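>>> no sequence on hand, only this structure:
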């Protein structure tokens, strides 16, 4: 187990290195010049050249990469061209809203999708099953921003129950936090509920036909216990895998959601940085996202050990 | 939505000199973009200019009639030979760090601005010396008479010659300042600044406003709210929803196509704070075929017309104006001379000019900006009109930031360069041929497009050195004719951007070339 963990952690290093090289080169090949953006619309060509020199963009690519890579090894992600703050500080400022949104979304998703998928499997062919299947198709098909705008229109603009936008830290109170989090998390959760409910249904449906379920029923166990202790537990590995992949995909989903609901998180930081060609910030955020992907996958692998005793690393 | 009003009006509250009541009032505003750079001399970005107007003050200022008024200056005199301008500062001016404003601060600030700003650079080319004989006096000494001293120092838009402490103004012009300390009516709360999220300004209790009522950037700048908070909100729809529910007090710019959303909202006023508005520009690249030929440039201007652009982008005629004046309608140098051709398309003339030039069908690489609402539809309209005028057009779509980067390239269009693009100017930036970057005709050193014409440059120099307004105006008219004859650019119509305010609690919003936050009152917290 320990050896497995060490190997997996060591494997993250080449992954992150490749991501670093790829992102660095991709950004330099993308059209757009941060210096021209910083200088403003009325700037003269000479002013733009001056700014390029100051930002080090006039250096050859390999020199730029060496400087950035050297700083990276010391844990320094560099300084944002625009905000003139260390990228690590910018990320630190933005991480709480994004993680809060992701956490609430996951909680809503798991609380809704797993029971819904399990019941749909149990009531296979019933109206509930058809509803879950229909909802899954709709949930996949409707973009997050459409759900977001509908929620805003109904619950904020018309009913005035919830604020349109913004973020309040949970440290300032649970309700102020939740009243701004319910709509974005719900909007974001729709697609994951669709995904995970469908996967749970398929997975539970498969194990419901297994011998051990029939045996459990034959022993006279109640249906609830059969479902939870035998069916759901044995169906857990694919479900957890999908939840894990869902968390990783969430990182992409928050970009749109944070814009629609004006949440100052990593998603908006990424959009702003991309639009402004703020290379150090984009590189820093993507490296962080890559690290999270790797970490989540590692946690999923570890979770398998607890869910299925047959699995050994 | 209440009827469109001009806020001059609300300016009746201009004399609302009474400070706000005891409870802290916070004015929450969604601006057109995030504040990324806090040095208003280093960048020309309008958001930074707007930030500058809160934090800094100016020696002189332009009022709503276009007159130059003293602002930090108590007054000024000009020597008989027109070479020495002596400005006396008002009593009681202090910076946000508690230090008094002195003539040396003014001299250092003007010097730094003069290194950066195009109009400032022109002024400085005539300046012999900037000096401060004593703490309350600033003197500008010229080598030869220059007609734009006051207009330059009262420049209302980017870059505005804001005054900062000499120790900060000593920062090299190509480096950003670190400390945003000014002597304006609001203090920048750097600790509360969350880049990309919110910017906070607090009332400067020691600010001494002028006694006159406010008029544009001139007059008494009375801060009636305790805090101005700029809330960053990238989604236009969300910003408008937040205005409707009252989470926000002001949305600086409402996209024209979203106006119907507030049409029936009684508590929201839609106003136009900038009566001069903005002007579209069709810019051609003189370095490469086909626009390296004057006849071809004239053909392009003949094919285009302002109304087509304005209807395609703005749509609502309440917010646009066909305007033949290259320096903007209702400005001191406005004239129709030679510019009627921009109002209607003349495709026959365009084709005839192309034939005369021997145009061989070289495609016009037209850059199309896709992500800014006020620019998105311009290039497709231009492409269609140019095709009708006999051109072959290769319209290439890209986001605005890519366009901004690419327009700086002088390479041939096939090698990553370009032939034409469209942009927009705040009219206050183009009110005379020195401030308006599109008229520089110095070739490689000119604004993107790099026109070169000695005659036009001679006329601009004559304008700059002329001290008589009537003669200056005659020269400006001639410059307009010459610019259209040689085809520096085509002005493609004037438009206005609506501002949305919560009329049930916000009043006193002023007209101006930029959004000003003094004089604004808010009831409630």
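Right, received. Where do you want to start? Worth saying up front: this structure is predicted, and the values here are computed from it rather than measured.

>>> for residue B:431, give its distance to residue A:142.
Computed as CB to CB, to the nearest Å, the residue B:431 to residue A:142 distance reads 49 Å. Where C-beta positions appear, they are placed from N, C-alpha and C, glycine not excepted.

>>> neighbours of residue 242, how many?
Unless you meant another one, I'm taking chain A. Other residues near residue A:242 come to 20 when the count uses other CB atoms under 10 Å in any protein chain shown.

>>> that's the wrong chain, I wanted chain B
26.

>>> again with residue A:7
Counted with other CB under 10 Å, residue A:7 comes out at 10.

>>> what do you get for residue A:184?
Neighbours around residue A:184, by other CB under 10 Å: 30.

>>> and for it, nearest residue in space, chain neighbours not counted?
Distance criterion CB to CB, 6 or more residues apart in numbering or on different chains; nearest residue to residue A:184, sequence neighbours excluded, is residue A:261 at 4.1 Å.

>>> could you list the low-pLDDT ranges of the chain?
If you meant another chain, say so; for now it's chain A. Along chain A, segments meeting pLDDT under 70 span A:40-43, A:312-313.

>>> could you do chain B instead?
Confidence mapping of chain B against pLDDT under 70 gives the ranges B:1-22, B:525.

>>> how much space separates residue A:259 from chain B?
5 Å (CB to the nearest CB, to the nearest Å).

>>> just confirm that residue contacts residue B:237, I think it does.
No: using CB atoms under 8 Å, residue A:259 is not in contact with residue B:237; the gap is 10.1 Å.

>>> which ones are touching residue B:267?
By CB atoms under 8 Å, 6 or more residues apart in numbering or on different chains, the residues touching residue B:267 are B:246, B:502-504.

>>> what is the most widely separated pair among those?
Taking CB to CB as the measure, these span a maximum distance of 11.5 Å, between B:246 and B:503.

>>> can you select the buried ones from the contacts of residue B:267 in ChimeraX?
Provided next is the ChimeraX selection string for whichever of these are buried by 16 or more other CB atoms under 10 Å in any protein chain shown:
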select /B:246,502,503
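
>>> residue B:391 in helix, strand or coil?
When classified by DSSP: H, G, I helix; E, B strand; the rest coil, residue B:391 comes out as coil.

>>> which non-adjacent residue is nearest it?
Of all residues not flanking residue B:391 in the chain, residue B:364 sits nearest, at 5.4 Å (CB to CB, 6+ apart).

>>> quick one: the one you found and residue B:346, what's the gap?
Taken as CB to CB, the span from residue B:364 to residue B:346 is 18 Å.

>>> what segments of the chain are helices?
Picked chain A for this. Using DSSP state H, the helices of chain A run over A:2-29, A:34-39, A:45-55, A:61-73, A:87-122, A:127-141, A:144-151, A:174-208, A:211-218, A:223-225, A:233-234, A:236-260, A:266-276, A:279-307.

>>> please refer instead to chain B.
Counting by DSSP H, chain B has helices at residues B:46-55, B:103-116, B:118-124, B:149-153, B:166-169, B:236-245, B:294-303, B:306-313, B:347-357, B:373-376, B:378-388, B:400-406, B:454-465, B:469-486.

>>> so who does the residue nearest to residue A:184 touch?
Residues near residue A:261 by CB under 8 Å, 6+ apart: A:148, A:152, A:164-166, A:180, A:183-184, A:187, B:238.

>>> give the contact list for residue 104.
This is for chain A. By CB under 8 Å, 6+ apart, the contact set of residue A:104 is A:178, A:181-182, A:185.

>>> wait, I meant chain B there
Counting by CB under 8 Å, 6+ apart, residue B:104 touches B:132, B:135, B:166.

>>> could you redo those as CSV and give each row distance to chain A and neighbour count?
Output for the contacts of residue B:104, formatted as CSV (distance: CB to the nearest CB, whole Å; neighbours: other CB atoms under 10 Å in any protein chain shown):
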residue, distance to chain A, neighbour count
B:132, 28, 19
B:135, 33, 13
B:166, 23, 20
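
>>> and the residue of the stretch 101-250 of chain A found nearest chain B, how many neighbours does it have?
Sorted by distance to chain B under CB to the nearest CB, the residues of the stretch 101-250 of chain A start with residue A:164, at 4.5 Å. Applying other CB under 10 Å, we find 29 residues neighbouring residue A:164.

>>> how near is it to residue B:270?
Separation of residue A:164 from residue B:270 (CB to CB): 19 Å.

>>> for chain B, what's the nearest residue on the stretch 201-313 of chain A?
Residue nearest to chain B within the stretch 201-313 of chain A: residue A:264 (3.8 Å; CB to the nearest CB).

>>> what sits against the nearest residue to that residue once chain neighbours are set aside?
Once flanking residues are discounted, residue A:264 sits nearest to residue B:197: 3.8 Å by CB to CB, 6+ apart. Shown here is residue B:197, whose contacts under the criterion CB under 8 Å, 6+ apart are A:93, A:264, B:231-232.

>>> again, only using 10 Å
By CB atoms under 10 Å, 6 or more residues apart in numbering or on different chains, the contact list for residue B:197 reads A:93-94, A:97, A:166-167, A:262-265, A:268-269, B:34, B:230-233.

>>> over to residue B:37?
When contacts are counted by CB under 10 Å, 6+ apart, residue B:37 touches A:38-40, A:81-84, B:43, B:45, B:47-48, B:51, B:176-177, B:195.

>>> around chain A, pick out the residues from the stretch 1-150 of chain B.
Residues of the stretch 1-150 of chain B that fall close to chain A, judged by CB under 10 Å from any CB of the partner chain: B:30, B:33-39, B:42-49, B:116-118, B:121.

>>> try the stretch 151-300 of chain B
For the stretch 151-300 of chain B, the contact set with chain A under CB under 10 Å from any CB comprises B:157-159, B:173-176, B:178, B:193-198, B:231-235, B:237-248, B:261.

>>> so how far is residue B:365 from residue B:90?
Taken as CB to CB, the span from residue B:90 to residue B:365 is 53 Å.

>>> between these two, who's got more neighbours?
Between residue B:90 and residue B:365, counting by other CB under 10 Å, residue B:365 is the more crowded of the two (21 against 16).

>>> beta partners for that one?
residue B:394 (DSSP bridges).

>>> for residue B:73, same thing?
residue B:89.

>>> shouldn't it be in contact with residue B:139?
No: taking contacts as CB atoms under 10 Å, residue B:73 lies outside contact range of residue B:139: 11.8 Å.

>>> now the common contact residues for these two.
Counting by CB under 10 Å, 6+ apart, the common neighbours of residue B:73 and residue B:139 are B:86-87, B:106.

>>> if we can go back for a sec, which one of the contacts of residue B:104 is nearest residue A:235?
Using CB to CB, residue B:166 comes nearest to residue A:235 of the contacts of residue B:104, at 73.3 Å.

>>> fine, thanks again, bye for now.
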